[in-house]
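1. Any chance you could fold what I've pasted below:
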Amino acid sequence: MAWAEHLAERFPDQVDVRPDDVFGAPDVAAVLAGLTDGELVYACGPHGLLDAIADHLADRKRGTLHLERFSPVDAEALTSGGQAFRVTLARSGGELDVPAGKSILQVMEENGIPVVSSCREGTCGTCETAVLAGAVDHRDSILSDEERTANETMMICCSRGLGPGLVIDA
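-> Numbering: from 1, shown residues only. This next block holds a predicted model:
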């Protein structure tokens, strides 16, 4: 809602702000009924709403839907330990051991390696980092299933390496 007034003023025929406390919960099918191929949907809000929108648009072309979540889809996954692994930082040339229960981001910071980050729970995408080798246990709430399968990027604030080694572009 921080940008609602600005967006509504700038795009009066394209933005429809409908807060639940005024209009009630939206009828997702009705709201998206006139959506044509090629139109994009940007949505933020509670998980139930975002899941309903994603389900409704499941048959649309990849990239049609852009979601902004304010909390992780699976908060428990963020704190579950996982296995220890070694991460190689290709750009800076270092190697770090990441223990169970800590993120790559935390270990990098502990070793004085500057990292740009924000949410620390896989919802903002600020720490997205290219994966050069190794498999990833994706725990973020941003990447699509296709992006996870491609294994080309990861959110180092929450996702972990699978197996003994991971090489990232850091």
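
2. Can you pull the phi/psi pair for P12?
-> Main-chain torsions, P12, degrees, to the nearest 10: phi -60, psi -30.

3. list the contacts for it?
-> By Cβ atoms under 8 Å, 6 or more residues apart in numbering, the contact list for P12 is empty. C-beta here means a position set from N, CA and C on the backbone, and glycine is covered the same way.

4. what sits up against the lengthiest helix in the chain?
-> Assignment by DSSP state H gives helix 47-56 as the longest helix of the chain. With contact meaning Cβ under 8 Å, 6+ apart, helix 47-56 is reached by 25-26, 28-29, 32, 41, 43-44, 65, 67, 69, 71, 73.

5. Report pLDDT for L49.
-> If you check L49, the pLDDT there is 88.

6. Number of residues surrounding the residue lying closest to A84 once chain neighbours are set aside?
-> Among residues not flanking A84 along the chain, P99 sits closest, at 4.9 Å (Cβ to Cβ, 6 or more residues apart in numbering). Neighbourhood size, P99 [other Cβ atoms under 10 Å]: 12.

7. Reformat the contacts of helix 47-56 as JSON lines; add secondary structure.
-> Formatted as JSON lines, those follow (DSSP: H, G, I helix; E, B strand; the rest coil):
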{"residue": "A25", "secondary structure": "coil"}
{"residue": "P26", "secondary structure": "coil"}
{"residue": "V28", "secondary structure": "helix"}
{"residue": "A29", "secondary structure": "helix"}
{"residue": "L32", "secondary structure": "coil"}
{"residue": "V41", "secondary structure": "strand"}
{"residue": "A43", "secondary structure": "strand"}
{"residue": "C44", "secondary structure": "strand"}
{"residue": "L65", "secondary structure": "strand"}
{"residue": "L67", "secondary structure": "strand"}
{"residue": "R69", "secondary structure": "coil"}
{"residue": "S71", "secondary structure": "coil"}
{"residue": "V73", "secondary structure": "coil"}
